[in-house]
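S.K.: Fold the following for me, if possible:
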Amino acid sequence: MTHEIRTEIEQLVAEYHWLLDHGHADQLHLLYTDDCISVGPMGVMEGRAAIKAWGEKRIKINAGTVRHFSGGTRLAFDQGMLCGTTYYMTFRDSQSDPLRPASVGEFREQYVNVDGTWLIKRREIVPVFGAENAANHAKRIEAGGNQ
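M.R.: As a prediction, the model looks like this:
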């Protein structure tokens, strides 16, 4: 693992959360490979087109104010694949107490380098605490936003 790779992956994760938290979910697909998969409370999305469709829907609804804080990223090559686990806390204004985390968990990811750029091949969102909150938020998004 080089410092350059670690820095690029940490920036990739930070960019993902910045785009999502600042109303640019329609650009998230650019951080994924064409044959990607995302698994988590929002369901299973296969392929860059599915991520793009979800992101385009997400920016058109009132999802509330959300902020993701992440860190503690562990990176390792496993059978030639760069894998990472990043811890996260998510805060939402739709919670009864928005100053308490809505969910805490892990992003388990696989990355590949495509033409000199690291991209997400697989992302699994695993709430460890607050899984019910994450599931309820996913339902609100699917229904069209805050209710």
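S.K.: where does this protein have its least confident helix or strand?
M.R.: helix 131-143 (a mean of 72; mean pLDDT, DSSP states H and E).
S.K.: contacts for stretch 6-13?
M.R.: By CB atoms under 8 Å, 6 or more residues apart in numbering, the residues outside stretch 6-13 that reach it are 31, 70, 73, 75, 82, 84, 86, 107, 109, 111, 118-120. The way it works is simple: take the backbone N, C-alpha and C, and place the C-beta from them, glycine included.
S.K.: Same check on stretch 83-100?
M.R.: Contact with stretch 83-100 is made by 9, 13, 64-77, 101-111, 130, 133-134, 137, 140, 146, as judged by CB under 8 Å, 6+ apart.
S.K.: CA atoms only for that stretch, dumped as CSV, please.
M.R.: What follows is stretch 83-100, C-alpha atoms only, in CSV (Å, rounded to 0.1, in the frame of the first residue of the first chain):
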residue,chain,number,x,y,z
CYS,A,83,-10.5,-3.6,-0.3
GLY,A,84,-11.4,-1.0,2.3
THR,A,85,-13.5,-0.7,5.4
THR,A,86,-14.4,2.8,6.5
TYR,A,87,-16.3,3.6,9.7
TYR,A,88,-19.1,6.2,9.4
MET,A,89,-21.6,8.2,11.4
THR,A,90,-24.6,9.8,9.7
PHE,A,91,-26.6,12.7,11.1
ARG,A,92,-30.0,13.7,9.8
ASP,A,93,-32.3,16.6,10.6
SER,A,94,-35.3,14.2,10.3
GLN,A,95,-34.2,12.5,13.6
SER,A,96,-36.0,13.5,16.8
ASP,A,97,-32.6,14.6,18.0
PRO,A,98,-30.5,15.6,15.0
LEU,A,99,-27.4,15.9,17.3
ARG,A,100,-27.4,12.2,17.8
